[in-house]
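A.B. asks: only geometry, no sequence info:
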């Protein structure tokens, strides 16, 4: 059945990402003795991949080859690179392979969507049922690392067991790479058409920035990526360092809440409008990092759990509602370009800056016994609050179509 095959594809796609990316900071700090700046460099490969991905998909996948075949090739390449990451014993030896891997992996996020959409009569109704299996895959990866293999236990980390996450993901990549060649044919739709680089990067949508509200939203999106980078880069090392057991498994609560609040998002948009929904999303970042700053592994563990569970509001209410807002502001001719522009600005430029800042701040508060995590977390809390205040003052209420 096609639905089952697409669900397996999505499960493996995000199982792979969740299986190594969440614990990357912990692995680099403890196994390869990487500095905060070096860890920031490793995480920023995601941004470089996001910047390069539209070129690979737009210039190659959309014009010359079937999407499922490129998906298969990229995951087979990814499997080989994962083996190299498993074998690396220094950050210098690790970095080129993680950069290469992210350049290969990020285009596959668009390719699995293309394969899925190509088999659907009504993507608006069918895609969600397929995509949710990606979130389940991410959750299963985290639960396996914590509760099946215990690779993120304190002694296991000291013994370098987190290295095994790359081997696990190499196997999953190999399986998905081979499985991709059995997926329904998804031929290129733009064969023979002339494609401009500006179209792929969404540069045609720059005209939207003449609208004051959209400009404020655009700049806020870039700036809020700095607090977002702190979470991706530091949450797992933080929880592990302060002694929270099964940290990776507990972090899967963030994905569970993402699914829950995705279902609630239409209610908030329709009842409160885009401005208040975006403000709630930004406020959640402030609250989350204050909870991280003052929570601990014992009596105040509940503060950390709440902070993790806020991920659904943090991400869905700002980034997903932001995509909906962007779609509403753009006319039919530039809707795709507008989404490309906001993706480039956030996952590309914004996260690139964010990972660098997070690395610098983390290095600034290194102690003999670890880190001054309270000071580290209060920085993104204050930064998110500043973005929130600026947005509140500059973004004027407006009515836009936010049908979801």
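C.D. replies: Good, I have the coordinates. Everything quoted here is computed from the prediction, not taken from an experiment.
A.B. asks: okay, CA-based contacts and neighbour counts for the rest of this
C.D. replies: Will do.
A.B. asks: For residue 316, give me its contacts.
C.D. replies: 258, 261, 262, 265, 281 (Cα atoms under 8 Å, 6 or more residues apart in numbering).
A.B. asks: Angles on the backbone of the fourth one, please.
C.D. replies: The phi/psi pair for residue 265 (degrees, to the nearest 10) reads phi -60, psi -50.
A.B. asks: What of the first one?
C.D. replies: Residue 258 adopts backbone torsions of phi -60, psi -40, taken as degrees, to the nearest 10.
A.B. asks: need the contact list for it.
C.D. replies: Here residue 258 is in contact with 311, 312, 313, 315, 316 (criterion: Cα under 8 Å, 6+ apart).
A.B. asks: And the furthest pair within these?
C.D. replies: The span of the contacts of residue 258, defined through Cα to Cα, is set by 311 and 316 at 8.0 Å.
A.B. asks: what's the pLDDT at residue 60?
C.D. replies: With respect to pLDDT, residue 60 has a value of 67.
A.B. asks: Next, count neighbours for residue 4.
C.D. replies: Residues near residue 4, counting by other Cα atoms under 10 Å, number 10.
A.B. asks: helix or strand right after the host helix or strand of it?
C.D. replies: If you go by DSSP states H and E, residue 4 is part of helix 2-20. Downstream of helix 2-20, the next assigned helix or strand under DSSP H and E is helix 24-30.
A.B. asks: Could you name the helices and strands sitting against the following helix or strand past that following helix?
C.D. replies: Using DSSP H and E, the helix or strand that follows helix 24-30 in sequence is helix 36-56. Applying 3 or more Cα pairs under 8 Å, 6 or more residues apart in numbering; DSSP states H and E, one finds that helix 36-56 makes contact with helix 24-30, helix 91-117, helix 197-200, helix 212-241, helix 351-364.
A.B. asks: List the contacts of helix 36-56.
C.D. replies: 25, 28-29, 91, 95, 98-99, 102-107, 197, 200-201, 233, 343-344, 347-349, 351-352, 355-363.
A.B. asks: so residue 13 makes contact with residue 135?
C.D. replies: No - assessed by Cα atoms under 8 Å, residue 13 is found out of contact with residue 135, at 9.6 Å.
A.B. asks: Quick check on those two: which one has the bigger neighbour count.
C.D. replies: residue 13 (25 against 22).
A.B. asks: Apart from its chain neighbours, what residue comes closest to the more buried one?
C.D. replies: In space, and not counting its chain neighbours, residue 13 is closest to residue 134: 6.6 Å by Cα to Cα, 6 or more residues apart in numbering.
A.B. asks: Other residues contacting whichever strand or helix holds the one you found?
C.D. replies: Secondary-structure assignment from DSSP H and E places residue 134 in helix 123-143. By Cα under 8 Å, 6+ apart, the residues outside helix 123-143 that reach it are 3, 6-8, 10-19, 116-117, 120, 248-249, 251-252, 255-256, 259.
A.B. asks: What subset of those is buried?
C.D. replies: Buried residues within the contacts of helix 123-143, counting neighbours by 16 or more other Cα atoms under 10 Å: 6-8, 10-19, 116-117, 248-249, 251-252, 255-256.
A.B. asks: what's the neighbour count on residue 393?
C.D. replies: Neighbours of residue 393 under the rule other Cα under 10 Å: 9.
A.B. asks: Any figure for the gap between it and residue 136?
C.D. replies: Per Cα to Cα, to the nearest Å, residue 393 is found 38 Å from residue 136.
A.B. asks: So how do I select the buried members of the contacts of helix 36-56 in ChimeraX?
C.D. replies: A single ChimeraX command is used to select the members of the contacts of helix 36-56 judged buried by 16+ other Cα under 10 Å:
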select :25,28,29,91,95,98,99,102,103,104,105,106,107,200,201,233,343,344,347,348,349,351,352,355,356,357,358,359,360,361,362,363
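A.B. asks: any low-confidence regions in the stretch 251-400 of the chain?
C.D. replies: 336 (pLDDT under 70).
A.B. asks: Walking through it, point out its helices one by one.
C.D. replies: For the stretch 251-400 of the chain, helices defined by DSSP state H, counting those that start in this stretch occupy the ranges 253-294, 301-309, 311-315, 321-329, 335-343, 351-364, 373-394.
A.B. asks: ranking these by burial, who's on top?
C.D. replies: helix 311-315 (a mean of 25; mean count of other Cα atoms under 10 Å).
A.B. asks: host element of residue 187?
C.D. replies: Using DSSP H and E, residue 187 falls outside every helix and strand.
A.B. asks: quick one: the residue nearest to residue 243 when sequence neighbours are not counted from residue 246, how far?
C.D. replies: Residue nearest to residue 243 in three dimensions, not counting chain neighbours: residue 297, with 6.1 Å by Cα to Cα, 6+ apart. Separation of residue 297 from residue 246 (Cα to Cα): 11 Å.
A.B. asks: quick one, which of the two is more surrounded?
C.D. replies: residue 246 (20 against 17).
A.B. asks: Would you confirm that that one contacts residue 149?
C.D. replies: No - judged on Cα under 8 Å, residue 246 makes no contact with residue 149 at a distance of 10.4 Å.
A.B. asks: and residue 116, what does it touch?
C.D. replies: Contacts of residue 116 (Cα under 8 Å, 6+ apart): 6, 127, 130.
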